[in-house]
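S.K.: Please work out how this folds:
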Amino acid sequence: MIDLRQIRYFLEIAAEGNMTRAAERLHITQPALSRQISALEDRLGVALFDRVGRGIHLTAAARNLLPDLRDLMQRARAVTERAELLAGRERVRLSIIAPPQSIEVFLADALVAFLARYPDAEIKIVEAAAQDNQDLLERGEGQIAIAARPIGPQFQARDLALGYIHLAMPNKHPLASKEKIDVTDLDNEPVVVMRRGTLARDMFDSACRLTHTLPSIAHEAGSPQALTALAGAGIGIAIMPFTARVDRPDLALGRLHANGRPLTAELAAVLTPSLFVTPAIDALIEEVQKSMHAAPFLEPLP
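M.R.: Got it, this is the predicted structure:
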């Protein structure tokens, strides 16, 4: 029989790509970790790692087995959680994947409310860009992710909110008085945007391509706060992501449209298939959605 502890050790090394760091995270010595991996290789009958200099790499066999071993560990965790619930002692142990803006604007507040109801819950936050969510869920780095649809059909999902991309600009800007601002209004207009790979940036770039609009990218920022500061300085119109908050009276806000429709995306709580949804999980998702009212560009869904 395969030892689940050894599988956990293997998955940790695979995630870290380094034996020393994995041993530190697992709180065991490196020689002990090496022995456990050797024992697992003996049980499976295949080599799992190639040692190249000081580094290690997954073998072809390990890459082939990796999805099944991840799934096995997730299912083992789900069985344990279900048994605890049936025994009347639900214990919440969750890793939540979320972008930094979501953590700042609403997730942290949601956790305050949730932990008041479940003070013994163990919550780990995995900060990651939106485009990495699905990969992290598949790798078992988390059980819940705050993500935008579409998502893979293998995941469960709970709809949370509809997000609107907004523009921020000085109150005296000619576009500030328009009720609806179309992406074509930004042709040759200086704009400040989030870096590539963020959802708002990807949607804005797609809308520009579809409408043959060529704005002038004045700056690519790493945070919504940088966008509003640059917009206030007159560097360019800021293309604001869904989870931003703008508390500046000198800036006007407007929803961005393309072909007569607002640029929107549905945000959801995405769950791994093996996650056993308990009343505590339901309560957590409920608190996340409640806290989304703090983000003015999000409209919570029923």
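S.K.: Strands along the stretch 151-300 of the chain, start to end?
M.R.: 156-164, 166-170, 181-182, 190-194, 216-221, 237-240, 251-258, 261-262, 264-271, 298-300 (DSSP state E, counting those that start in this stretch).
S.K.: cool, and the stretch 1-150 of the chain?
M.R.: 49-52, 55-58, 93-98, 122-127, 144-148.
S.K.: out of those strands, deepest packed?
M.R.: strand 144-148 (a mean of 26; mean count of other CB atoms under 10 Å). (Each C-beta comes from the backbone N, C-alpha and C, glycine too.)
S.K.: chain center to that strand: distance?
M.R.: 5 Å (CA atoms, centre = their mean, to the nearest Å).
S.K.: picking that back up, tabulate the strands of the stretch 151-300 of the chain in a markdown table, adding columns for mean pLDDT.
M.R.: Output for the strands of the stretch 151-300 of the chain, formatted as a markdown table (pLDDT from 0 to 100):
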| stretch | mean pLDDT |
| --- | --- |
| strand 156-164 | 92 |
| strand 166-170 | 95 |
| strand 181-182 | 95 |
| strand 190-194 | 96 |
| strand 216-221 | 96 |
| strand 237-240 | 96 |
| strand 251-258 | 94 |
| strand 261-262 | 94 |
| strand 264-271 | 91 |
| strand 298-300 | 91 |
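S.K.: Adding distance to residue 227 and mean neighbour count, write those out as CSV.
M.R.: Output for the strands of the stretch 151-300 of the chain, formatted as CSV (distance: least, CB to CB, whole Å; neighbours: other CB atoms under 10 Å):
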stretch, distance to residue 227, mean neighbour count
strand 156-164, 15, 18
strand 166-170, 7, 22
strand 181-182, 16, 19
strand 190-194, 5, 21
strand 216-221, 5, 15
strand 237-240, 4, 29
strand 251-258, 10, 19
strand 261-262, 19, 12
strand 264-271, 18, 21
strand 298-300, 17, 18
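S.K.: Quick one: those as CSV, columns for distance to residue 35 too.
M.R.: Formatted as CSV, the strands of the stretch 151-300 of the chain follow (distance: least, CB to CB, whole Å):
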stretch, distance to residue 35
strand 156-164, 38
strand 166-170, 56
strand 181-182, 63
strand 190-194, 46
strand 216-221, 48
strand 237-240, 53
strand 251-258, 58
strand 261-262, 58
strand 264-271, 36
strand 298-300, 50
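S.K.: Of those strands, give the one that comes closest to residue 141.
M.R.: Set against residue 141 and scored by CB to CB, the strands of the stretch 151-300 of the chain come closest in strand 264-271, at 12.7 Å.
S.K.: For the stretch 1-150 of the chain, give me the ranges with low pLDDT.
M.R.: 53-54, 81, 84-90 (pLDDT under 70).
S.K.: Which residue ranges of it form helices?
M.R.: With DSSP state H, counting those that start in this stretch as the criterion, the stretch 1-150 of the chain has helices at 4-16, 19-26, 30-44, 60-86, 100-102, 108-117, 133-138.
S.K.: count of neighbours near the nearest residue to residue 130 once chain neighbours are set aside?
M.R.: Once flanking residues are discounted, residue 130 sits nearest to residue 199: 4.7 Å by CB to CB, 6 or more residues apart in numbering. Residues within reach of residue 199, counting by other CB atoms under 10 Å, total 21.
S.K.: Residue 199 against residue 264, yeah?
M.R.: No: checked against CB atoms under 8 Å, the pair residue 199 and residue 264 is beyond contact range at 11.1 Å.
S.K.: returning to that earlier point: is it possible to get the strands of the stretch 1-150 of the chain out as TSV so that each row also shows distance to residue 171?
M.R.: Shown next, in TSV, are those (distance: least, CB to CB, whole Å):
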stretch	distance to residue 171
strand 49-52	59
strand 55-58	55
strand 93-98	33
strand 122-127	34
strand 144-148	31
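S.K.: between the ones you listed, which gets nearest to residue 274?
M.R.: Taking the strands of the stretch 1-150 of the chain one by one with CB to CB, strand 144-148 is closest: 12.1 Å.
S.K.: what's the closest one packed up against?
M.R.: strand 93-98, helix 133-138, strand 264-271, helix 279-291 (3 or more CB pairs under 8 Å, 6 or more residues apart in numbering; DSSP states H and E).
S.K.: relative to strand 93-98, how tilted is the longest one?
M.R.: This points to helix 279-291. For helix 279-291 against strand 93-98, the angle by axes from the mean of the first three to the mean of the last three CA atoms, to 10 degrees is 30 degrees.
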